[in-house]
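Visitor: Attaching a predicted model along with its sequence, questions to come.
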Amino acid sequence: MRAIAAFIMRGRLQAIIVAAGLGLLGGLFPPGWLLSGGVVGLVTLAQGPREGMLNAFAATSIVVFLSGALALQPAMQATGIFALLWLPIVWLLALVLYQSRSLALTLLITALLGGAIVVAVYVLFEAPAQWWYSHVIEQLLPMMQQAGMEIPDQAAFEANMRDASRIMTGTLAAFISFGLTVSLLIARWWQSEVTRPGAFGEEYRNLRLGSVAAVTTALLVMSAWITSGGFGEMTSNLLIVAVVLFMFQGLALGHAVVKQFGNNPAWLVVMYVVIVFTMPYGLLFTAVLGVLDNWVDFRARFRNIAR
């Protein structure tokens, strides 16, 4: 990764080409967008907001232009639309990190952006869950069937979709927040690799999002539990965004503990594999640890055990 970061930092043209190329790749391979955002973030963090803005503008223009030239491909059309939103937002968040030098603050603002999406949807639309359900049943389901996908029990499928539609807004907002956060972490990691190797790892292992965010998450849990109707549904969707936010602190805690006990990368592999194969429970458990970590100094406790 150091070689990639060094190539991006070699010149303005190289950075623009890599950011645009990865953005176009995102139309076929979505992680390309995470890396493209990482390029914009790296340029912003390492060379300043003005150079980062130029990189984001140029890369976005190239992606939009080429996507328009390949408009016969639906994936490329979506790529052009996505470029207009993704790279400028990554630049704004990278600007926050550049000015504040606070990874925690930047992650909190990313989560607030996800929360704002949820609130905006519930303010602008009377019944978001019904809209999601109708969209899936009336549009996506026929497309799936035309593609040859068989639905053994359509009644059960529709019932499951009705339940899932209640949290689709929060899931989408959390996905956006997650992607932006990953792009920023990639950018900060690349910056560390070309300036001070190892600095990002130390910074991330010490990540704490603060008691205010933790208390807010606890209040969202209570609200989702005791309220009903549209407000209860909205808070449940906001809670999904908060879970993704504190997942990153829980992972940071896991990295810190592994570091204290000898820094064996095999344990990190095991941690991520367990989380993935126990979804969503592994994710929820990691987020809960992240919330508790703001009050219980797990790092200090494990440091004493490691001694």
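Guide: Yes, it's here.

Visitor: Low-confidence stretches in the stretch 201-307 of the chain?
Guide: Along the stretch 201-307 of the chain, the model assigns pLDDT under 70 to residues 303-307.

Visitor: in it, which spans are helices?
Guide: Under the criterion DSSP state H, counting those that start in this stretch, helices of the stretch 201-307 of the chain are mapped to 211-226, 229-260, 265-277, 281-292, 298-306.

Visitor: closest one to Ala116 among those helices?
Guide: Smallest distance to Ala116 across those (C-beta to C-beta): 9.6 Å, for helix 229-260. Placement of C-beta: from N, CA and C, glycine included.

Visitor: Counting by contacts, list what that closest one packs against.
Guide: helix 103-124, helix 168-195, helix 199-205, helix 211-226, helix 265-277, helix 281-292, helix 298-306 (3 or more C-beta pairs under 8 Å, 6 or more residues apart in numbering; DSSP states H and E).

Visitor: would you turn the ones you listed into CSV with mean neighbour count?
Guide: CSV is the format used below for these (neighbours: other C-beta atoms under 10 Å):
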stretch, mean neighbour count
helix 103-124, 19
helix 168-195, 22
helix 199-205, 16
helix 211-226, 15
helix 265-277, 12
helix 281-292, 18
helix 298-306, 13
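
Visitor: hang on, the earlier thing: mind putting the helices of the stretch 201-307 of the chain into TSV with distance to Pro152?
Guide: Formatted as TSV, those follow (distance: least, C-beta to C-beta, whole Å):
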stretch	distance to Pro152
helix 211-226	32
helix 229-260	29
helix 265-277	25
helix 281-292	26
helix 298-306	45
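
Visitor: Now render the helices and strands packed on helix 229-260 as JSON lines, adding distance to Leu13.
Guide: What follows is the helices and strands packed on helix 229-260, written out as JSON lines (distance: least, C-beta to C-beta, whole Å):
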{"stretch": "helix 103-124", "distance to Leu13": "28"}
{"stretch": "helix 168-195", "distance to Leu13": "18"}
{"stretch": "helix 199-205", "distance to Leu13": "26"}
{"stretch": "helix 211-226", "distance to Leu13": "40"}
{"stretch": "helix 265-277", "distance to Leu13": "36"}
{"stretch": "helix 281-292", "distance to Leu13": "40"}
{"stretch": "helix 298-306", "distance to Leu13": "43"}
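
Visitor: Please name whichever of these is nearest to Glu51.
Guide: Closest approach to Glu51 among those (C-beta to C-beta): helix 168-195, 13.0 Å.

Visitor: Could you name the helices and strands sitting against the closest one?
Guide: Helix 168-195 packs on helix 2-8, helix 31-47, helix 74-100, helix 103-124, helix 128-135, helix 199-205, helix 229-260, going by 3+ C-beta pairs under 8 Å, 6+ apart.

Visitor: before we move on, back to that, between the helices of the stretch 201-307 of the chain, which one is closest to Val43.
Guide: Closest approach to Val43 among the helices of the stretch 201-307 of the chain (C-beta to C-beta): helix 229-260, 22.9 Å.
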